[in-house]
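**Student:** Whatever this is, show me its structure:
(one chain, ligands or ions: 1)
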Amino acid sequence: MNIIVTGASKGIGKSLVKFFSNNKQHKVLAVSRDISALKELQNTCTYPVQILSFDITKCEDDNSLLEKVKALGSIDVIINNAGLLINKPLTPLNGHEFDKLFNVNVKAVFLLTKQLLPYLRKGSHIVNIGSMGGYQGSSKYAGLSLYSASKGALAILTECMAEELKPQVISANCLALGAVQTEMLSEAFPDYKAPLSPDEIASFIADFALKGHRFFNGKIVPVSVSSP
Ligand SMILES: NC(=O)c1ccc[n+]([C@@H]2O[C@H](COP(=O)([O-])OP(=O)(O)OC[C@H]3O[C@@H](n4cnc5c(N)ncnc54)[C@H](OP(=O)(O)O)[C@@H]3O)[C@@H](O)[C@H]2O)c1
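**Tutor:** Down below sits the predicted model:
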């Protein structure tokens, strides 16, 4: 399988790349901005993976990801995992921060996926990494309003993507994750210990990305064992 993982420099994305690299059959492209972290990751992978320093918010101006994908020929799985969290109460949050959050968590996913569509094979799977914060009816937490709203938007975007991509036999699902012990979680809940490690959730996400679209399409799947 040809697999793209965004947000691969740390946390869940890094674990996902390591997990996929255990299988010689997969060609993995690991994308994020921090090239030294990506090089470190590359050195720990079982089988070789490709890395690319790339800002997903610049995908309209930077062709480097597209060039890599052209060289690969086609894509079977995209995991839109890169994400940004700003922990701040509603009142001091401003329009610039709104744009920053929505640019990474929603707009870049829309633009990047659109750009890569011509290379998505029939039967491919787009997995958007959402959050329980963006899942309707879930517990909400102070400081996470815009982050949660952006993940809510991503969830609905996923439902719509799945509908429109049906004729091309491309599936799209959103995994609304609960707490996983990463830098982002520490930013949101500094004193909280998550029940799941990045490696544990990565094995679930990887399995879902490879097989889940036989059972789910256009779904927002809550993946959580805790609150938060
Ligand atoms: N951890 C949790 O409890 C939790 C819960 C629910 C949902 N999630 C979601 O799971 C995903 C992964 O989260 P995490 O906890 O692993 O976060 P993390 O440790 O903060 O990692 C975030 C990743 O996103 C990348 N990224 C951010 N902005 C980017 C940009 N403009 N272009 C390219 N890459 C960018 C970062 O890489 P660079 O800085 O190198 O670019 C980094 O690799 C996120 O979408 C997050 O919202 C996490």
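
**Student:** report the longest strand in the chain, please.
**Tutor:** Identified as the longest strand of the chain according to DSSP state E is strand 120-131.

**Student:** Get me the contact residues on this protein for the ligand.
**Tutor:** 6-13, 32-34, 37, 55-57, 81-84, 104, 129, 131, 177, 179-180, 182-185, 194 (Cβ under 6 Å from any ligand atom). Bear in mind the C-beta positions are built from the backbone N, C-alpha and C, glycine included.

**Student:** From these, list the buried ones, please.
**Tutor:** 6-13, 32-33, 37, 56-57, 81-84, 104, 129, 131, 177, 179-180, 182, 184-185, 194 (16 or more other Cβ atoms under 10 Å).

**Student:** Just the ones of those residues in helices?
**Tutor:** Assignment to helices by DSSP state H places the following of those there: Gly11, Ile12, Gly13, Ala37, Met184, Leu185.

**Student:** I'd like those laid out as JSON lines, including distance to His26.
**Tutor:** Below are these laid out as JSON lines (distance: Cβ to Cβ, whole Å):
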{"residue": "Gly11", "distance to His26": "20"}
{"residue": "Ile12", "distance to His26": "17"}
{"residue": "Gly13", "distance to His26": "15"}
{"residue": "Ala37", "distance to His26": "20"}
{"residue": "Met184", "distance to His26": "25"}
{"residue": "Leu185", "distance to His26": "27"}
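
**Student:** from the residues you listed, which two are the most distant?
**Tutor:** Ala37 and Leu185 (17.8 Å; Cβ to Cβ).

**Student:** beta partners of Ile129?
**Tutor:** Leu175 (DSSP bridges).

**Student:** what residues are up against the most centrally placed residue in the chain?
**Tutor:** A centroid search over the chain (Cα atoms, centre = their mean) returns Asn81, at 1.3 Å, as the residue closest to the centre. Residues in contact with Asn81 (Cβ atoms under 8 Å, 6 or more residues apart in numbering) are Val5, Thr6, Gly7, Ala8, Ile12, Gly13, Leu16, Ile129, Ile205.

**Student:** check which helix or strand covers Gln115.
**Tutor:** helix 108-116 (DSSP states H and E).

**Student:** ok and that helix relative to strand 120-131, angle-wise?
**Tutor:** With axes from the mean of the first three to the mean of the last three Cα atoms, to 10 degrees defining the directions, helix 108-116 sits at 180 degrees from strand 120-131.

**Student:** List the buried residues in helix 108-116.
**Tutor:** Buried-residue list, helix 108-116, by 16+ other Cβ under 10 Å: Ala108, Val109, Phe110, Leu111, Leu112, Thr113, Leu116.

**Student:** Please report the distance of the closest residue to the first one other than its chain neighbours from Ile12.
**Tutor:** Yep, that's Ala108 we're talking about. Using Cβ to Cβ, 6 or more residues apart in numbering and skipping residues adjacent in sequence, the residue nearest Ala108 is Ile56, 4.0 Å away. Distance, Ile56 to Ile12, by Cβ to Cβ, to the nearest Å: 15 Å.
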